[in-house]
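Chemist: Compute the structure for the input listed below.
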Amino acid sequence: MKKYNLHWYSGRIETITGNTIDEVFRNAGYGGGALSALDYYEEAMEVPMQYKAIELHESNKPEEIGHGTMFAKQLMEQLENGATRVFITIMHHEFICDVKVTPFKIICACIERKKQGEVVYNAA
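Modeler: Okay, the predicted model is just below:
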């Protein structure tokens, strides 16, 4: 399967999977009327950083992290500064993660998680 970037007139870029652009529109549930809001589409070789899926790998179970979360905000700020190991603090939890950026996602491998000063998870 291929990935396609849909570039909307609103400025939003959406990445959807399908073998053809027709299949992409069907997979997304778009009808013919959506074409009037579409600026252009392209086969995706990579997704822009701000649209990459974010995965947190902790205890061998990946969890998708939403872009509007504090975790994502802290992650993106550190990635902009060139970090490959990030330190995230959320509600008395500290995550230390090694980060790998791929063409379509950002993978955060949690190597340590602390709560209130104690190590409760250490994958190393």
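
Chemist: and for the longest helix along the chain, what are the contacting residues?
Modeler: For the chain, the longest helix by residue count, based on DSSP state H, is helix 70-80. By CB atoms under 8 Å, 6 or more residues apart in numbering, the residues outside helix 70-80 that reach it are 49-50, 54, 56, 65-66, 86-90, 95, 99, 101, 106, 108. The C-beta positions use only the backbone N, C-alpha and C, and glycine is treated the same way.

Chemist: Just the buried subset of those residues, please.
Modeler: 54, 56, 65, 86, 88, 95, 99, 106, 108 (16 or more other CB atoms under 10 Å).

Chemist: Got phi/psi on the fourth one?
Modeler: I take that to be Val86. As for Val86, its main-chain torsions (degrees, to the nearest 10) stand at phi -120, psi 150.

Chemist: Could you measure from the nearest residue to it once chain neighbours are set aside over to Ile96?
Modeler: With CB to CB, 6 or more residues apart in numbering as the criterion, Val86 has its nearest non-adjacent residue at 4.5 Å, and that residue is Gln78. Counting by CB to CB, to the nearest Å, the gap between Gln78 and Ile96 amounts to 11 Å.

Chemist: Overlap in contacts, these two.
Modeler: In contact with both Gln78 and Ile96: 86-87, using CB under 8 Å, 6+ apart.
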